[in-house]
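Colleague: need a structure here:
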Amino acid sequence: MAKKNIKEEAIGLDAELRKSEAFIQKNLKTILIALAGVIVIVAGVFIYQKHMDEVEAEAQTAMSKSQSLFYQEQFETALNGDGAASKGFLKIISDYSGTKTANLANLYAGLCYYKMEKYDEAIEYLESFSPKNDNSVSPSAVAALGNCYIQKDQKEKGAEKLIEAANMAKNSLSPVFILQAAEVYENLGQNDKALNLYNEIKSEYPTSPIAQNIDKYIERVK
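Modeller: The predicted structure is shown next:
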């Protein structure tokens, strides 16, 4: 009986294998096309990534020259290039679109325009910068955007951005941004909002240099 069952199972398995072979033979062309498609996609992703790595490296080289000009406070040249060694942040943004370096160039371009007191242009490029999960560069970018709005007399929007920057940073930069936002609200006559922010500095950042003198701000708006 056991031998019969084994034989029947073997026959059944052989039948299933024949069905599978028949299916593969019948659909071989379709299967090969599908496999080729997968290979093309994987290869395309690899080639694209390799290309983007090369583009990123090239962009970073161009970026370093513009950064040097920025730190020398040659903001116009840093933006537009010098016709020789430096392409300028604006050209980097257009030539290397989609790279991390081009994203960072948006921040630098915004800061250049801010320093040149061209606040509309500064806002445009600072808003084009995509903040990351860091607690220094990205919060500073958001704070710079807040300051642009303040300069454009959109003070409440500016204060909101400063608070956003403080919440992103959660470090020694935070009380600086909070204090500035509080002073904006105080200037707008919104003393309750200013008081809350001054108290936040006192309670959340008691060891910061700003907190050492915060009581005078608290007394002023009470």
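
Colleague: so where's this structure shaky on pLDDT?
Modeller: 1-53 (pLDDT under 70).

Colleague: Can you show me the helices along this structure?
Modeller: 2-26, 28-71, 75-80, 89-95, 100-115, 119-128, 137-151, 155-169, 173-187, 191-204, 214-221 (DSSP state H).

Colleague: Output those helices as CSV; include the columns mean neighbour count.
Modeller: (Each C-beta comes from the backbone N, C-alpha and C, glycine too.) Shown next, in CSV, are the helices of the chain (neighbours: other Cβ atoms under 10 Å):
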stretch, mean neighbour count
helix 2-26, 10
helix 28-71, 13
helix 75-80, 20
helix 89-95, 20
helix 100-115, 22
helix 119-128, 18
helix 137-151, 22
helix 155-169, 21
helix 173-187, 22
helix 191-204, 18
helix 214-221, 15
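
Colleague: then stretch 59-72 to CSV, C-alphas only?
Modeller: Provided in CSV are the C-alpha atoms of stretch 59-72 (Å, rounded to 0.1, in the frame of the first residue of the first chain):
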residue,chain,number,x,y,z
ALA,A,59,29.0,70.5,-7.9
GLN,A,60,30.9,70.4,-4.6
THR,A,61,34.1,71.6,-6.3
ALA,A,62,32.3,74.5,-7.8
MET,A,63,30.5,75.2,-4.6
SER,A,64,33.7,75.6,-2.5
LYS,A,65,34.9,78.5,-4.7
SER,A,66,31.6,80.3,-4.3
GLN,A,67,31.6,79.7,-0.6
SER,A,68,35.1,81.3,-0.3
LEU,A,69,33.7,84.4,-1.9
PHE,A,70,30.7,84.4,0.4
TYR,A,71,32.9,84.3,3.5
GLN,A,72,34.9,87.2,2.1
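
Colleague: if we look at it, which residues are touching it?
Modeller: The contact list for stretch 59-72 (Cβ atoms under 8 Å, 6 or more residues apart in numbering) reads 75, 77-78, 81-82, 85-89, 91-92, 95-96, 99, 101-102, 104-105, 108, 111-112.

Colleague: Looks like Tyr113 contacts Ser128 (just checking).
Modeller: No - if you go by Cβ atoms under 8 Å, Tyr113 and Ser128 don't touch, sitting 11.7 Å apart.

Colleague: State the distance from Tyr198 to Gln180.
Modeller: 12 Å (Cβ to Cβ, to the nearest Å).
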